[in-house]
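[1] My questions are about this predicted structure, shown below with the sequence.
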Amino acid sequence: MTKFIQNFEKKVKETIQKYKLANKKEKIIVACSGGKDSTTTLYLLKKFGYNIEALIIDLHIGEWSKKNLENIKSFCKELGVKLHVIDMKKELGKDIHKLKTRKVCFICGINKRWLLNKKSRELGAKKVAMGHNLDDEAESILMNLFRGNIEFGLNSGPKVLMSAKEKKFVQRIRPLFFLLNKDVKKYSQDMKLPILHQLCPHSKYSYRRQIRTLLNKLSLEDSKVKSKIVKWFMEKQPELREKYASKDSVNYCEKCGEPCRNVICKKCELMTYIK
Ligand code: FES
Ligand code: ZN
């Protein structure tokens, strides 16, 4: 085992322990996409001895979805992890990936989050492990900041605090929270994990992509810029939590009954506009 692999695994283990992300008895659903982050999370949680099952949402985006699904199916088999495949088209009763809009990834993201929480809860999971890495978090912080929605970042961190208060929310955990994107990539390649290194074909228009390009440019000047953004935000979070405490309350969607912050959840609101 190389020094890099050792350090990488040590950092993930430390994050899990320091932030008490999980214990070995509770059931954890790993949200898989076929990408490097979630596949690395799946591999490591299994290696560390956690009680995991995997879940992948079949998005039906042609060959890209097929290949991701194939990879996850065979990798779960190899690891001896139970896999749940959720069909987005069937669940929603429509194929959102056929929509003629540049916002497909955004619409897909809201539906994925809704499905992931609902299905994980139905499967009796106590936690949902996400593959988000440090770059993702730095991007989210800037996106919220630039859009004037800084309070959306209340859910940022190695584990989502808001969801811990509400039974219908399954708590999301992020074991790779402090790992850089380039390091997750290197780890997954060094470990030869079965991964399709291709982003979702709809993501080229996403706002996140623009922010990612900006951050990568800034990192050429200052290699620690992403860590500094995340560190700054984590220090600010307690203050923000107090300020936005009223927005942190949980309601139940009038249409689907799922937990949300408003009268109707984002997914139901969005789907009323989509024919
Ligand atoms: Fe679903 Fe991009 S459209 S991930
Ligand atoms: Zn709803």
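    Noted; the coordinates are in hand. Residues are numbered from 1 along each chain as shown. Ligands and ions are numbered 1, 2, ... in the order given.

[2] low-scoring pLDDT stretches of the protein, where are they?
    Along the chain, segments meeting pLDDT under 70 span 162-165, 246-248, 275.

[3] Up against ligand 2, what does it have?
    Taking CB under 5 Å from the ion as the measure of proximity, the chain contacts ligand 2 at 253, 255, 256, 265, 268. Placement of C-beta: from N, CA and C, glycine included.

[4] From residue 91, how far off is the first one?
    Put plainly, it is residue 253. 15 Å (CB to CB, to the nearest Å).

[5] out of the residues of the chain next to ligand 2, which are buried?
    Among these, those buried by neighbour count (16 or more other CB atoms under 10 Å) are 253, 265, 268.

[6] I figured the first one hits residue 268, correct?
    So the one you mean is residue 253. Yes. Counting by CB atoms under 8 Å, residue 253 does reach residue 268; the two are 5.6 Å apart.

[7] quick revisit: so which of the buried ones among the residues of the chain next to ligand 2 sit within helices?
    Secondary structure defined by DSSP state H assigns residue 268 of these to helices.

[8] what about the closest residue to residue 124 other than its chain neighbours, how many neighbours?
    Nearest non-adjacent residue to residue 124, counting by CB to CB, 6 or more residues apart in numbering: residue 27, 5.9 Å away. Residues lying near residue 27 (other CB atoms under 10 Å) number 16.

[9] what pairs with the longest strand seen in the chain, and is each one parallel or antiparallel?
    Using DSSP state E, we find that the single longest strand of the chain is strand 52-58. With DSSP bridges as the test, strand 52-58 is paired with strand 28-32 (parallel), strand 83-87 (parallel).

[10] Is any residue of the last one near ligand 1?
    No. When contact is scored as CB under 6 Å from any ligand atom, no part of strand 83-87 falls within range of ligand 1; the minimum is 13.1 Å.

[11] next one: that strand to chain centre, how far?
    16 Å (CA atoms, centre = their mean, to the nearest Å).

[12] Only the buried residues of the following helix or strand past that strand, if you could.
    Where DSSP states H and E defines the elements, the next helix or strand beyond strand 83-87 is helix 88-92. For helix 88-92, a neighbour-count test (16+ other CB under 10 Å) marks residue 88 as buried.
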